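*Asks:* Predicted model and sequence follow; I will ask about them next.
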Amino acid sequence: QLQFVESGGGLVQPGGSLRLSCAASGFTLDYYAINWFRQPPGKEREGVSCIGSSGGFTNYADSVKGRFTISRDNAKNTVYLQMNSLKPEDTGVYYCAAESSVHGMCTMTGEFMDYWGKGTLVTVSS
């Protein structure tokens, strides 16, 4: 059974850090680019970051550049999103999604995703 599970969300104060994990079971992530999306309360889903299948290509939304770092451990079938210097506007449900890798790159475009996790809630508040 294919499963894609996010974890690591929670409540954190502004300026704090969280590390999100995205673990796959039932399939290998080796041939997929992995994307992180988020949906703030009352807003549309937006792309946050993505990493190519080999890890050699990464991309970030302007709003998180310099604060978030995406990485992957294919041996553990897991992708991570390290989030530092968190701001209240980072609040939302964070989803990971897999897309069939195209030349080792990634798109951060929702309609191209093959698999989605159910999300983990991140709340940044004092």
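*Replies:* Sure, I can see it.
*Asks:* Run a quick neighbour tally on residue 15.
*Replies:* 11 (other Cβ atoms under 10 Å). Backbone N, C-alpha and C define where each C-beta goes, glycine included.
*Asks:* Spit out the contact partners of the nearest residue to it once chain neighbours are set aside.
*Replies:* With Cβ to Cβ, 6 or more residues apart in numbering as the criterion, residue 15 has its nearest non-adjacent residue at 6.1 Å, and that residue is residue 85. Neighbour list for residue 85: 15, 17, 67 [criterion: Cβ atoms under 8 Å, 6 or more residues apart in numbering].
*Asks:* What does the first one show for phi and psi?
*Replies:* The one in question is residue 15. phi 90, psi -10 (degrees, to the nearest 10).
*Asks:* what about it, distance to residue 102?
*Replies:* 37 Å (Cβ to Cβ, to the nearest Å).
*Asks:* and the lowest-mean-pLDDT helix or strand in the chain, which residues are buried?
*Replies:* None of the helices or strands of the chain scores lower by mean pLDDT, DSSP states H and E than strand 3-7, at a mean of 89. Across strand 3-7, burial judged by 16 or more other Cβ atoms under 10 Å covers 4, 6.
*Asks:* That strand pairs with which strands?
*Replies:* Strand 3-7 sits in its sheet next to strand 18-25 (antiparallel), going by DSSP bridges.
*Asks:* burial of residue 81, as a residue count?
*Replies:* By other Cβ under 10 Å, the burial measure for residue 81, its neighbour count, is 25.
*Asks:* per-residue confidence for it?
*Replies:* Listed pLDDT for residue 81 reads 98.
*Asks:* what are the phi and psi angles of residue 110?
*Replies:* With angles defined as degrees, to the nearest 10, residue 110 sits at phi -60, psi -40.
*Asks:* which residues does it contact?
*Replies:* 37, 45, 47, 97.
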